[in-house]
Each structure stands twice: as C-alpha cells, then as structure tokens.
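*Asks:* Sequence and predicted structure below; questions after.
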Amino acid sequence: MQKVQNYLAANKKRQLDELIEFLKIPSVSADPKYKKDVEKTAKFVAQKLKDAGADKVKVYPTKGHSIVYGEKIVDKKAPTILVYGHYDVQPADPLELWTSPPFEPVIKKKRIYARGACDDKGQVYMHIKAFEGMLSQGELPCNVKFMIEGEEEVGSVHLSAFCKKYKKMLANDVILISDTSIIDNKTPSITTGLRGLSYVEVEVTGPNRDLHSGVYGGAVANPINVLSKMIASLQDKNNRITIPGFYKDVETVKKAERKQMNKAPFSLAKYKRGLKIKDIHGETGYTTLERTSIRPTLDVNGIWGGYIGEGAKTVLPSKAYAKISMRLVPNQHPDKITKLFEKHFKKIAPKSVTVKVTPHHGGFPVVTPTDSVEYKAAAMAMKKTFKKEPIPQRSGGSIPIVALFEKVLGSKSVLMGFGLDEDNIHSPDESYGLFNFYKGIETIPYYFKYYAELKSK
C-alpha cells in the first residue's frame, strides 16, 4: 500500500479542488426547485467514478432522484465491497445564520465550510479518491461497487425498489459506509449501532378560517395554543415519552455494556461549552452518552402557524402545524411507533379541534457485531492510520438503509465514518476538517487490504 499512499499524498490539492467543485452544486433533494441541480450532481459523481477508473458507470433515474452506480471487477474470486453513500444534502435554511454562503465553499482554520461538506459529499468523495489511488497503482485487492444515491436526506424512498430490481448487480460481501463520525481526531471509533426513525407531520385545525383574535379570542380554540399543549404533554417531568406502549419493545442494555459505553472520552463541561448551554436535558437516570445512543427520543423539528410576518396582526389562526421525529432503539418498529403516535395524538386532542397526522419517512434501528471479519478489517485499518485502537460506539443518528440492505441484499454493513460532532451537519456552517477528509482517503485502502487478507484465511 505504500505506492498507493504516496500517490494519494501527491494529489492532495487536486482531491480538495475537486471536492470544492462537488460542494458548489446545491443538491437539495427536499426542495423541487433544486431538481436540476440534484441531477447535475448525479452526473458529476458518475463522471468522477469514470475518471477514477470505474467500469459500467450509469445514472439510474427513479421516480425521485437518480442513483449512480459504478463498479470495478478485478478478480471474480476476490471479495466484493459495495460502497454506499449519498450526494444529496439538507436544505441550507436558515441562510442568515451562515457566516459564508452554503454553496460557496471556503476553507477556514483547516476546515472546509459548505452544506454537504461532511454529510455526505466529503465522505463519499474520500471513497472515490481512495479507489482512484488503489487502481492507479495496480493495488486494488477487492472488487468494488459504488451505489451513490440522491434521496438519503428525504428517506431513500426509491432505494428499496432499486435494490430489489438490481439485487444481482449489487451482490457483495460487505457494504462500506462513511456517513458517521469518530469521537475525536485522537480517538478513532467505529459506529456499531444506529437509532431508527419515525417522522411525522401533524396538522391541527380549529375554525374554518383565520379569525379576529379580539372578536373570537376566548370563545374559539386557538390551534397553536392547543398544539403547544398537546406537544408538551408528550413527555413527563422525567422527560419520558408518554405515548402508551412506546417503550414496550425497547432493548434493555446490560449494566456492563452501559459501563463500557461511558468509558469513551467525554467532557460534559466541553460539551456544554461548545453548545453554549448552561445545563443538559434528557431522560432521568441516563448519561448524555446513553441518552444519545441507547434511548429513544421525541423531538419537534419545526412548528408553525398564524401570522409570522413583520409587525403585528391580531389573528386567531385556523391551523397549526408541527414536524415531529422519534429516534428509535433496537426492537422498536418504525411503523408500529408511527401508529401508536397517531392514535395517541388524536386521542389527546380536545373536541374543539381536528387533527391530521401524516407519516413521512422512517427506518429501523440496527446493531452490528464487533467480532466479524468486516468489523475487524475496519479496526485494523483505523489502527494503522490513527496509531490507536478504535472504540466501538453506538450512534444517535439514523441511516435507515442499513437495515434495508441486510433485508434485501443479505449484506452486513460497516460504518466507518470520519466526521466529528463539531461538523454541524444539518445546521448552518456545516464543515469538515481537512485532517478528516485526508485521513479517510488514507484509511480506506487499508480496509480493502485487510478485508481481502482476512477473507482469504
């Protein structure tokens, strides 16, 4: 691998320049006005795969956004790694909170700032460049397939159908994903668990039109007031979720595992300081590390209604809305949780309003083994480049496709990401450390090397 590493080191400037071009394209999958940009991004990814040496590169249209596929088969007897990632990004709103335009990448303090810098364009591009390096030096020890989609940020709604239709084409021994993070740059870690997701939108309707708050206020229900009270009732004083049956299937994590989990380097003071908060908040009886990994949650992601323009308008609104997400842990079924939420939310609504619950995307929680060949190869690769044994760690985030891949393709996934909590993914001023970008490019070839060696034993 030394020739590969020399090649990669000699091409650092080009790797970064190409990533900057990638980040300039506003591939916001949730907003229809960016549809042409999303398709432009798919073509960009396809071209870069071709430039790197992939064969059979093709952009597959779906009813939503396209999926990019490419492969390089070096030996039919060699193991096959399927690299998964996504080229779509979250909306950049609120724009006024960015210190530089989200789609005009800038480098400050050894970090690149742009929407998608870490999630997931920066991490996807590490794989393309690592592949280029291995192939250019004739040191690609495994077959490799790429499946880079454009709908991850809206629930990967067409990915399941694609995987089922092209199951033979996508056949692999392991799926390698870089869409997660490490503890810090001195403490590598590998994600071994992800929370699932149930995401809903609620609509509360009162009168048939907006009313004068002086003439009708006090006599007619205000949907915003009602919605606020309903949401507040979804958690008790100990911050436990009050939906009946919500915790019925929640995995009970053994004390020994919880103890091991809390050995990970973590400074509560630094955590609070970084977020500029005076105190933490969460379910009673659990640490911050546990609350963000092994416990389910319920959060309001957006709430609106009535008049929000300049000045004052004394209106009693007809409707109020909220988007609510629930992060799930092992054994919780997203469809079941969605139904429990809908039943409960309608039940607690007063007769003065009507309630509509619209399910959006969801996903299953997942836990991956740490004694597999796939995990061991990742641990060996990280130890090689970080000079330190990585820590297995459960993540609070959700990647619904991991469970999908196991069900449809019969493949286990390895979550070998290089992001940091400070990357501000999904937030203004998203960024990605140059150290992390280059460290990922450096580490990925060693995963291929060690995986091929372990599989041959």
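*Replies:* Okay, I see it.

*Asks:* quick one: contacts for the residue lying closest to Thr368 once chain neighbours are set aside?
*Replies:* By the measure of Cβ to Cβ, 6 or more residues apart in numbering, the closest residue to Thr368 outside its immediate chain neighbours is Thr192, 5.1 Å from it. The way it works is simple: take the backbone N, C-alpha and C, and place the C-beta from them, glycine included. Listed by Cβ atoms under 8 Å, 6 or more residues apart in numbering, the contact set of Thr192 reads Val367, Thr368, Pro369, Thr370, Tyr375, Pro392, Gln393, Arg394, Leu415.

*Asks:* what helix or strand does Thr192 sit in?
*Replies:* Secondary structure assignment for Thr192, by DSSP states H and E: strand 189-194.

*Asks:* Output that strand as PDB, nothing but the C-alphas.
*Replies:* What follows is strand 189-194 as a C-alpha-only set of coordinates in PDB (Å, rounded to 0.1, in the frame of the first residue of the first chain):
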ATOM      1  CA  SER A 189     -14.200   4.900  16.700                       C
ATOM      2  CA  ILE A 190     -16.400   2.700  14.600                       C
ATOM      3  CA  THR A 191     -20.100   3.000  14.700                       C
ATOM      4  CA  THR A 192     -21.700  -0.300  15.800                       C
ATOM      5  CA  GLY A 193     -25.300   0.900  16.300                       C
ATOM      6  CA  LEU A 194     -27.800   3.300  14.900                       C
END
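
*Asks:* And the next helix or strand past that strand?
*Replies:* By DSSP H and E, the next helix or strand past strand 189-194 is strand 196-205.

*Asks:* re earlier: with neighbour count, distance to Asp184 and pLDDT as added columns, please give the contacts of Thr192 in CSV.
*Replies:* Shown next, in CSV, are the contacts of Thr192 (neighbours: other Cβ atoms under 10 Å; distance: Cβ to Cβ, whole Å; pLDDT from 0 to 100):
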residue, neighbour count, distance to Asp184, pLDDT
Val367, 14, 23, 88
Thr368, 20, 22, 86
Pro369, 10, 25, 86
Thr370, 12, 20, 89
Tyr375, 21, 21, 96
Pro392, 18, 16, 91
Gln393, 21, 12, 91
Arg394, 24, 17, 90
Leu415, 26, 17, 96
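
*Asks:* Which members of those residues are positioned in helices?
*Replies:* Assigned to helices by DSSP state H, the following of these qualify: Tyr375.

*Asks:* Which of the contacts of Thr192 sits closest to Val124?
*Replies:* Leu415 (14.0 Å; Cβ to Cβ).

*Asks:* The residue in the chain sticking out farthest from the centre: helix or strand, and which one exactly?
*Replies:* Here the chain reaches farthest from its C-alpha mean at Val215, the gap being 47.3 Å by Cα atoms, centre = their mean. Per DSSP H and E, Val215 falls inside helix 213-216.

*Asks:* could you give the mean pLDDT of that helix?
*Replies:* On average, the pLDDT along helix 213-216 is 96.

*Asks:* And it, what's buried?
*Replies:* Ser213, Tyr216 (16 or more other Cβ atoms under 10 Å).

*Asks:* Go through the next helix or strand after that helix and flag the buried ones.
*Replies:* For helix 213-216, the succeeding helix or strand toward the C-terminus, using DSSP H and E, is helix 223-232. Residues Pro223, Ile224, Val226, Leu227, Ser228, Met230, Ile231 are the ones in helix 223-232 that count as buried (16+ other Cβ under 10 Å).
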